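**Q** using only what follows, build the 3D model:
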Amino acid sequence: MNAFSYLFNLAGSLLIIYGGLRAIVEIILCEVLKKSYSYQQMRKGLTDKIVFGLEFFIAADVLETTRHPTQEKLIILGTVVLIRTVLGYFLNKEVSEHQLD
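**A** Sure, this is the predicted structure:
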């Protein structure tokens, strides 16, 4: 199970890194080359990757906690899941409510 936990952490990290790099490229294309990208679309794409990455981190934490369940680890897991869920919710809400263009 440790390998799966590591794999999910890696997948989450790669998704967030990919989303950030892609957003940087799109910003450069938009500003320097005057390509037709919408800041709202760029922001939504980055936010989607961050939220998806956070879900992989949650899966990794759940796997790790099921390996060695203690009351302290369960409390920490619950807190981490709550924080990441709230963060994901507000990131999605912000992107859907704010128009940047």
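
**Q** how about Tyr18, what does it touch?
**A** Contact analysis of Tyr18 by Cβ atoms under 8 Å, 6 or more residues apart in numbering lists Lys49. Where you see a C-beta, it was placed from the backbone N, CA and C, and this is true even at glycine.

**Q** so it versus Lys34, what's the distance?
**A** Distance of Tyr18 to Lys34, given as Cβ to Cβ, to the nearest Å: 24 Å.

**Q** go on, Leu10?
**A** 36 Å.

**Q** please apply the same query to Arg84.
**A** For Arg84 relative to Lys34 (Cβ to Cβ), the value is 37 Å.

**Q** more neighbours: those two, which one.
**A** The neighbour comparison of Arg84 against Lys34 (other Cβ atoms under 10 Å) goes to Arg84, with 17 against 8.

**Q** can you tell me the closest non-neighbouring residue to that one?
**A** Excluding its sequence neighbours, the residue lying closest to Arg84 (Cβ to Cβ, 6 or more residues apart in numbering) is Leu54, at 4.7 Å.

**Q** could you do Ser36 as well?
**A** Cys30 (7.9 Å).

**Q** my guess is the one you found contacts Gln40. True?
**A** No. Contact between Cys30 and Gln40 fails when scored by Cβ atoms under 8 Å: they sit 11.6 Å apart.

**Q** related to what we said a few turns ago, who touches the residue nearest to Arg84 in this structure?
**A** Applying Cβ under 8 Å, 6+ apart, the residues near Leu54 are Gly12, Arg84, Leu87, Gly88.

**Q** for Leu46, same thing?
**A** By Cβ under 8 Å, 6+ apart, the residues touching Leu46 are Gly19, Gly20, Arg22, Ala23.

**Q** and the helix or strand bottoming out on mean pLDDT in the chain, what does it pack onto?
**A** For the chain, using mean pLDDT, DSSP states H and E, the weakest element among its helices and strands is helix 71-97, scoring a mean of 82. Counting contacts by 3 or more Cβ pairs under 8 Å, 6 or more residues apart in numbering; DSSP states H and E, helix 71-97 packs against helix 39-67.
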